[in-house]
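Undergrad: Just the structure for this:
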Amino acid sequence: MRDTLVSGGGCAHACDSGVLVPVDEAIRHLLDQAPPPPAMQQVALGQALGRVLARDVICPMNLPAWDNSAMDGYALRAADLPDGGGYLALAGRIAAGDEPGMPLREGQAVRIFTGAPLPPGADTVVPQESCRVEEARVWLPSVRRGDHVRKEGEELRQGERLFTAGTRLRAQELGLLAGAGIAHVQAYRPLRVGLLSSGDELREPGEALAPGQIYNSNRHSLAALLRGWGVEVHDFGVMPDRLQASRQALGLAAGECDLLLTSGGVSVGEEDHLKQAIEALGNIDLWRLAIQPGKPLAFGDVMGKPWIGLPGNPSAALVTALIVVRPFLFRAQGLAEVLPVPLQLPAGFDWQHRNRRRQYLRARLDPDANGHLSVVLHPQQGSAMLAAACWADGLAVVERDALVHQHDRVMYLPFAALMH
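TA: Numbering: from 1, shown residues only. You can find the predicted model right below:
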């Protein structure tokens, strides 16, 4: 199905090689192996939020469709107004939704409201607060021709491309589509992602815990991420740490979904049967990623469906999902732009620990007395601790073998950009 990223091929070599694959190299490899997007569907605009366009959308009309007023005020022909301003006769009133009415005669102005069509001959609008009405006439200041007029086709012309295939529809895209009179779009079907957890120690919130058991936080955090990314989540619960049970759960998920995502079971422990189950049903490349948190991460296929195995530690699962899984899922959904654009901001911390892995530190932005922002870190950066991620509003990136001093520029990835 794919080339093995770690040379030599096969899980046995990859598991034992000790090679740490750079994060960017791993992401490129995943993107190269991403499957084609799902089938195309016609989607009503009201159900299209978060969907990815499968075809370009062409504007069917000029926007605006006709010259209209950008202000409440008075419409006139600029040539009729004397230098320094003067009086014009009032000749009617046009509100939004009205027809333009009769052409303006020389020396006339009409009362007009925002969004209303300009009458034939009018080329300028004066805001009402700059005018003075006296019985059947209005005094207006000097103007420039075209002031406060939204010209026909000023925003978009008929036949122009509104959006390209691969665009994910947000509220603003839906608004523009609606403004152009488009009721349906051709979009990809949502990606069906099968979510599974691995571990006999896992219990659901609300259940009693026996000694050695923990609550399954990854199931809930990962499902929330997936829904925020616009995919259809199929939750298959927890796979027991038994080979046959793992094979059955994975086979069921592969039969129903486009892609599988698991957490836990990708380290080298004797009780981690997930890798054996994957190999029995498909193919696996176990990567030891040069990332912290989250070194154990696996990629392969189950019955021909792509599979990504995340670490079991909650913060490691969260970070690797945000950094590695997100671009892969976006590409598999048909999105054109899949990689986040980091901010470059001054560090409000010193980091004097060289590391052979790229570090994604839970951080947030802190304003000083002058309102200048710097990146500050939570004191706890352990791979099992989610409290730091809850305190944080993003990730500070420290490159491999790098040191950071206060005021150095560091890459910062806001959660707001990564979780949607």
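Undergrad: drop to CA atoms for contacts and neighbour counts, all remaining ones
TA: Fine.
Undergrad: Okay, the closest residue to residue 177 other than its chain neighbours and residue 47: tell me how far apart.
TA: Excluding the flanking residues, the one nearest residue 177 by CA to CA, 6 or more residues apart in numbering is residue 183, at 7.6 Å. As judged by CA to CA, to the nearest Å, residue 183 and residue 47 stand 11 Å apart.
Undergrad: For these two, indicate the residue with more neighbours.
TA: It is residue 183, of residue 183 and residue 47, that has more neighbours when counted by other CA atoms under 10 Å, with 13 against 10.
Undergrad: I'd guessed that one sits against residue 45; true?
TA: Yes - using CA atoms under 8 Å, residue 183 is in contact with residue 45, at 5.5 Å.
Undergrad: and residue 50, what is it in contact with?
TA: Taking CA atoms under 8 Å, 6 or more residues apart in numbering as the criterion, residue 50 is in contact with 168-170, 229-230.
Undergrad: Now, those residues that are in helices?
TA: With helices defined by DSSP state H, no entry of the contacts of residue 50 lies inside them.
Undergrad: Please check those residues and keep the buried ones.
TA: Among these, the ones that count as buried by 16 or more other CA atoms under 10 Å are 168-169, 229-230.
Undergrad: Flag the shaky bits of the protein, pLDDT-wise.
TA: 1-18, 267-272 (pLDDT under 70).
Undergrad: which helix in it runs the most residues?
TA: From DSSP H, the single longest helix across the chain is helix 243-256.
Undergrad: what's the angle from the helix or strand following it to helix 243-256?
TA: Moving toward the C-terminus from helix 243-256, the next helix or strand (DSSP states H and E) is strand 259-263. Interaxial angle, strand 259-263 versus helix 243-256 (axes from the mean of the first three to the mean of the last three CA atoms, to 10 degrees): 140 degrees.
Undergrad: who touches the following helix or strand past strand 259-263?
TA: Per DSSP H and E, strand 259-263 leads on to helix 274-281 as the next helix or strand towards the C-terminus. Taking contacts as CA under 8 Å, 6+ apart, the residues outside helix 274-281 that touch it are 198, 241, 243-244, 246-247, 250-251, 265-266, 284, 300-303.
Undergrad: got a winner among those for most neighbours?
TA: Counting by other CA under 10 Å, top hit in those: residue 284 with 28 neighbours.
Undergrad: for the spatially closest residue to that residue that is not a sequence neighbour, what are its contacts?
TA: Nearest non-adjacent residue to residue 284, counting by CA to CA, 6+ apart: residue 300, 4.1 Å away. Neighbour list for residue 300: 278, 282-285, 306-308 [criterion: CA under 8 Å, 6+ apart].
Undergrad: Residue 300 pairs with what?
TA: On the basis of DSSP bridges, residue 300 is bridged to residue 284, residue 307.
Undergrad: Residue 144 contacts residue 77, correct?
TA: No - Residue 144 lies out of contact with residue 77 (CA under 8 Å); the separation is 10.1 Å.
Undergrad: Report the set of residues contacting both of those two.
TA: Counting by CA under 8 Å, 6+ apart, the contacts common to residue 144 and residue 77 are residue 124.
Undergrad: quick one: which of these two has more around it?
TA: A direct count of neighbours by other CA under 10 Å for residue 144 and residue 77 places residue 77 higher, at 21 against 12.
Undergrad: Now stretch 77-97: buried residues?
TA: Under the neighbour-count criterion of 16+ other CA under 10 Å, stretch 77-97 has 77-78, 80-81, 87-90, 93-95 buried.
Undergrad: Looking at the residues you listed, spot the one nearest residue 335.
TA: Nearest to residue 335 among the buried residues of stretch 77-97 is residue 95, at 42.2 Å by CA to CA.
Undergrad: Tell me which residues touch the residue nearest to residue 177, please.
TA: 44-45, 177.
Undergrad: before we move on, back to that, against which helices or strands is the longest helix of the chain packed?
TA: Judged by 3 or more CA pairs under 8 Å, 6 or more residues apart in numbering; DSSP states H and E, helix 243-256 is in contact with strand 192-198, strand 232-239, helix 274-281, strand 296-302.
Undergrad: and it, how far out from the chain's middle?
TA: Relative to its chain's centre, helix 243-256 lies at 31 Å (CA atoms, centre = their mean, to the nearest Å).
Undergrad: Thank you kindly, that will do.
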